[in-house]
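Undergrad: Everything below, folded, please.
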Amino acid sequence: MKDFFKHNGLWILFATAVVAVALAVLSVFSATSSPLVNALHTVAAPFRSAYTAVTGWLEDKQNYYADNKALKEELEDLQRQLAQMEQTVRQAESALEENAFLRDLLDLRQQRRDLSDFETAAVTEHPVTNWTSSLTLNKGTDHGVEVGDCVIDGNGNLVGLIQAAGSNWSTVLTVVDTDTSLGAKVFRTGDLGVAAGDFSLMGENCLRLNYLPSDAQLLSGDLVVTSGLGGYLPPDLVIGSIREIRTDASGAASYAVVEPAVDFSQLTEVCIIRSFEIVT
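TA: Prediction:
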């Protein structure tokens with residue numbers, strides 16, 4: 001190192017002097033700032049641009065997330081309002097259905113004074129199987145419901161019979177269930193028969209009208225009602241209407257396919273007949 005300064009010292013002093021003079025001259029002729037400051041600004045300019053760009057990007061992202069959060073909160077609020085409106089609509093629809101059922105029931109009471117003791121019930125379940133057709137109700141023995149009681153809709157159409165009952169529930173076998181069998185009558189002709197569930201017809205939501213007179217002249221659309229014979233059921237409750245006449249497997253007898261008047265899948269309210277009067 002000593003040898004370097006020894007041999008090059010004059011050149012270093014000369015170079016230093018030239019730089020000092022140049023800086024002095026530039027400082028004199030510069031109208032704004034010293035060359036050193038200018039150099040520093042020149043070096044710092046790219047960093048200032050980068051800082052400005054990063055700051056702007058961060059501000060844009062911050063504004064984006066703030067706007068996104070506000071939109072999300074607004075969407076959640078709208079979803080809550082929509083859910084509340086849907087619940088209000090469902091409640092209104094339920095109230096309308098109940099009012100319509102009660103109006104029908106009032107008309108039925110006026111028309112059928114022999115049906116003296118009613119108990120309204122809500123359908124809580126529509127069990128669906130290949131082996132049975134039933135409904136679950138929210139009324140039971142605490143409400144005077146008994147096995148064998150007749151169940152109708154608000155228009156007096158037969159739904160089925162109570163099969164089982166607990167303190168606050170009961171099960172209805174509908175008229176298309178294979179365990180259902182009841183006395184029936186063709187309203188137009190007065191022909192008597194037995195309406196019974198049939199496994200092959202249950203999938204079609206239909207039942208059979210058996211043991212018809214050989215000379216019965218039935219038509220598609222004929223109304224089938226309860227006969228009331230034996231006093232087990234009130235008479236003239238609508239079971240359904242004849243869809244077609246068929247011949248059994250032996251070919252010796254005919255039976256009618258009956259389509260129920262009730263759409264069991266749409267039932268929400270029913271009426272349980274706990275007692276009735278025999279009108280002669």
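
Undergrad: Spell out which residues sit in contact with residue 265, please.
TA: Residues in contact with residue 265 (CB atoms under 8 Å, 6 or more residues apart in numbering) are residue 126. To be clear about C-beta, it is placed using only N, CA and C from the backbone, and glycine gets the same treatment.

Undergrad: Check residue 193 too.
TA: Residue 193 touches 184-186, 209-212, 256, counting by CB under 8 Å, 6+ apart.

Undergrad: Show me what counts as buried in stretch 258-275.
TA: By neighbour count on 16 or more other CB atoms under 10 Å, the buried set for stretch 258-275 is 258-262, 264, 267, 269-274.

Undergrad: any idea which of those residues is closest to residue 248?
TA: Using CB to CB, residue 258 comes nearest to residue 248 of the buried residues of stretch 258-275, at 15.1 Å.

Undergrad: Report all helices and strands that the host helix or strand of that closest one contacts.
TA: Using DSSP states H and E, residue 258 falls within strand 254-260. Packing partners of strand 254-260 (3 or more CB pairs under 8 Å, 6 or more residues apart in numbering; DSSP states H and E): strand 207-210, strand 238-247.

Undergrad: could you redo those strands as CSV and give each row mean pLDDT, mean neighbour count and distance to residue 153?
TA: Putting these into CSV (pLDDT from 0 to 100; neighbours: other CB atoms under 10 Å; distance: least, CB to CB, whole Å) gives the following:
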stretch, mean pLDDT, mean neighbour count, distance to residue 153
strand 207-210, 96, 24, 16
strand 238-247, 94, 17, 9
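
Undergrad: Out of these, flag the one nearest residue 119.
TA: For those, the distance to residue 119 is smallest for strand 238-247, at 20.0 Å, taking CB to CB.

Undergrad: Tell me which other helices or strands that closest one touches.
TA: If you count contacts as 3+ CB pairs under 8 Å, 6+ apart, strand 238-247 packs onto strand 181-186, strand 207-210, strand 223-226, strand 254-260.

Undergrad: Mind putting the ones you listed into CSV with distance to residue 75?
TA: As requested, the helices and strands packed on strand 238-247 are exported to CSV (distance: least, CB to CB, whole Å):
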stretch, distance to residue 75
strand 181-186, 56
strand 207-210, 52
strand 223-226, 55
strand 254-260, 47
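
Undergrad: how about the ones you listed, which one is nearest residue 79?
TA: Of all the helices and strands packed on strand 238-247, strand 254-260 sits nearest to residue 79, with 41.3 Å by CB to CB.

Undergrad: and the next helix or strand after that closest one, which strands flank it?
TA: Per DSSP H and E, the first helix or strand lying C-terminal to strand 254-260 is strand 269-275. Strand pairing for strand 269-275, using DSSP bridges, gives strand 117-125 (antiparallel), strand 150-152 (antiparallel).

Undergrad: hey, which of those is tucked in deepest?
TA: Highest mean neighbour count of the strands paired with strand 269-275: strand 150-152, a mean of 24 (counted as mean count of other CB atoms under 10 Å).

Undergrad: what inclination does whatever helix or strand comes next after that strand have with respect to strand 254-260?
TA: Sequence order places strand 158-165 as the next helix or strand after strand 150-152, per DSSP H and E. Orientation of strand 158-165 against strand 254-260 (axes from the mean of the first three to the mean of the last three CA atoms, to 10 degrees) gives an angle of 80 degrees.
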